[in-house]
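S.K.: model the structure of this input:
(2 chains)
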Amino acid sequence: MNVVVNGEAREVSARTVRELLEELGLGDRLVAVERNQEIVPRAAHGETALTEGDALEVVHFVGGGRGQGGSR
Amino acid sequence: MSDTQPEIQPPDDELTLGDHRFHSRLVTGTGKYTSPEIAAAALAASGCEMVTVAVRRVDLSARGAGSLFAMLSEGGYTILPNTAGCYDAESAVRTARLAREMLSTDLVKVEVIGDEKTLYPDVPGTLEACATLVKEGFTVLPYITDDPVTCRRLEDLGCAAVMPLAAPIGSGLGVCNPYSIELIVQQSSVPVIVDAGVGTASDATAAMELGVDGLLMNTAIAGAPDPVRMARAMRAATEAGRDAYLAGRIPKKLYATASSPLEGVLGAGS
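M.R.: Predicted coordinates:
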């Protein structure tokens, strides 16, 4: 299946959000996921199916005070 | 001092932000440190209880271990997610929601930047993001310009504090406009935290002496050649400024006033 993760097109075998995180090696990491701009709550990762063309954002916490231009 | 004398101690002095209480009035950022070990040592030396972290896309090509977050968790710090790097209300709101999803925290430091060179806040964008996040139940702490009217608007929206800048982020210029900061302190019934611009310990003390409730800093500590020692200096400076403010300074006078009694001076009245 082809999806876009963090702005990058990828072919994945995962069928759910949980499987995607495992495939990306993030299964045990503290991350939050947006699927097509909607947050997928952690409790719903296992049951949220991916569909062709989904846009996913996977974010985590990084060191930062303020002002660092991350998104631009 | 004799043991029989009653000990005179100032009352306990806490900083309250929403439902969160802190003894330390220093909040620190976690960026720009050269290593996680130095960051950990500096945070410990600063005595801070709350630290702010940014939310970013996971870099899927690099395998980081997420050591920063593990270190902060082990340190028992209250995590204050921030929306650093956002240039509009929508992305700030989105970032805050993602942070809440990760941590189940209601705390968020709202930052909507309006200018890349000065990193001054976008005031309409900040107001819009704060209005939305307050409605969604967040404890909202906005980074904002040192403008009393804007600070009042933010308080009216239901923000848990206002966080005016002392000077541009990372500039280290200290409190550029003490008059504005003092006006904001006078009018606010929520805590006022100076966010950005402190360069060294005396800046921190000067800001606290104006009556602000706390300080948020990152570069002044992380960017110092010896971050751990500067963190310790900032801790002492913040406490000194707070105590001096609460104690109350003496009035300034043009001429000297003797502090020793004038009676009984040798050779007087002979």
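
S.K.: what's the burial count for A:Val5?
M.R.: A:Val5: 20 surrounding residues under other CB atoms under 10 Å in any protein chain shown. For glycine as for every other residue, the C-beta is placed from the backbone atoms N, C-alpha and C.

S.K.: then the one 5 residues further on?
M.R.: Number of residues near A:Arg10 (other CB under 10 Å) recorded here: 16.

S.K.: how about it, what does it touch?
M.R.: A:Asn2, A:Val3, A:Val4 (CB atoms under 8 Å, 6 or more residues apart in numbering or on different chains).

S.K.: the one helix or strand the second one maps to near chain B at all?
M.R.: What it means is A:Val3. Element membership of A:Val3 [criterion: DSSP states H and E] is strand A:2-5. Yes. Legend: contact between strand A:2-5 and chain B by CB under 8 Å from any CB of the partner chain is shown at A:Val5.

S.K.: could you say what helices and strands that strand packs with?
M.R.: strand A:8-11, strand A:55-63 (3 or more CB pairs under 8 Å, 6 or more residues apart in numbering or on different chains; DSSP states H and E).

S.K.: beta-bridge partners for B:Tyr143, please?
M.R.: B:Met163 (DSSP bridges).

S.K.: what about the most centrally placed residue in chain A, distance to chain B?
M.R.: The structure's chain A has its C-alpha centroid closest to A:Val58; by CA atoms, centre = their mean the separation is 3.1 Å. When CB to the nearest CB, to the nearest Å is applied, the distance between A:Val58 and chain B equals 5 Å.

S.K.: and that residue, what does it touch?
M.R.: A:Val5, A:Asn6, A:Leu21, A:Leu24, A:Leu26, A:Val31, A:Ala32, A:Val33, B:Arg57, B:Val58, B:Leu60.

S.K.: tell me the confidence at the nearest residue in space to the first one that is not next to it in sequence?
M.R.: By that I understand A:Val5. Spatial nearest neighbour of A:Val5, excluding adjacent residues (CB to CB, 6 or more residues apart in numbering or on different chains): A:Leu56 at 4.9 Å. A:Leu56 carries a pLDDT value of 95.

S.K.: A:Leu56: how many residues sit nearby?
M.R.: 21.

S.K.: and the pLDDT for the closest residue to the residue nearest to the centre of chain A other than its chain neighbours?
M.R.: Among residues not flanking A:Val58 along the chain, B:Val58 sits closest, at 4.8 Å (CB to CB, 6+ apart). Reported pLDDT at B:Val58 in the predicted model: 89.

S.K.: specify the beta-bridge partners of B:Ala54.
M.R.: The partner residues for B:Ala54, given DSSP bridges, come to A:Val62, B:Asn82.

S.K.: which stretches in chain B count as helices?
M.R.: Along chain B, the segments classed as helices by DSSP state H run B:36-46, B:67-74, B:89-103, B:123-135, B:148-157, B:178-187, B:201-209, B:219-222, B:227-247.

S.K.: so is the second one next to chain A?
M.R.: Yes. Applying CB under 8 Å from any CB, one finds that helix B:67-74 is in contact with chain A at B:Leu68, B:Phe69.

S.K.: quick one: B:Pro251 from chain A, how far?
M.R.: Taking CB to the nearest CB, one finds B:Pro251 at 37 Å from chain A.

S.K.: neighbours of that residue, how many?
M.R.: 5.

S.K.: one more: the one 4 residues further on?
M.R.: By other CB under 10 Å, the residues close to B:Tyr255 number 4.

S.K.: show the pLDDT at it.
M.R.: The predicted local confidence for B:Tyr255 is 92.

S.K.: excluding its backbone neighbours, what's nearest B:Arg153?
M.R.: B:Leu127 (6.1 Å).

S.K.: verify the stated contact: that neighbour with B:Cys159.
M.R.: No. Counting by CB atoms under 8 Å, B:Leu127 stays clear of B:Cys159, with 9.7 Å between them.

S.K.: higher neighbour count, the two?
M.R.: B:Cys159 (27 against 22).

S.K.: any idea how far the more buried one is from chain A?
M.R.: Counting by CB to the nearest CB, the gap from B:Cys159 to chain A is 16 Å.
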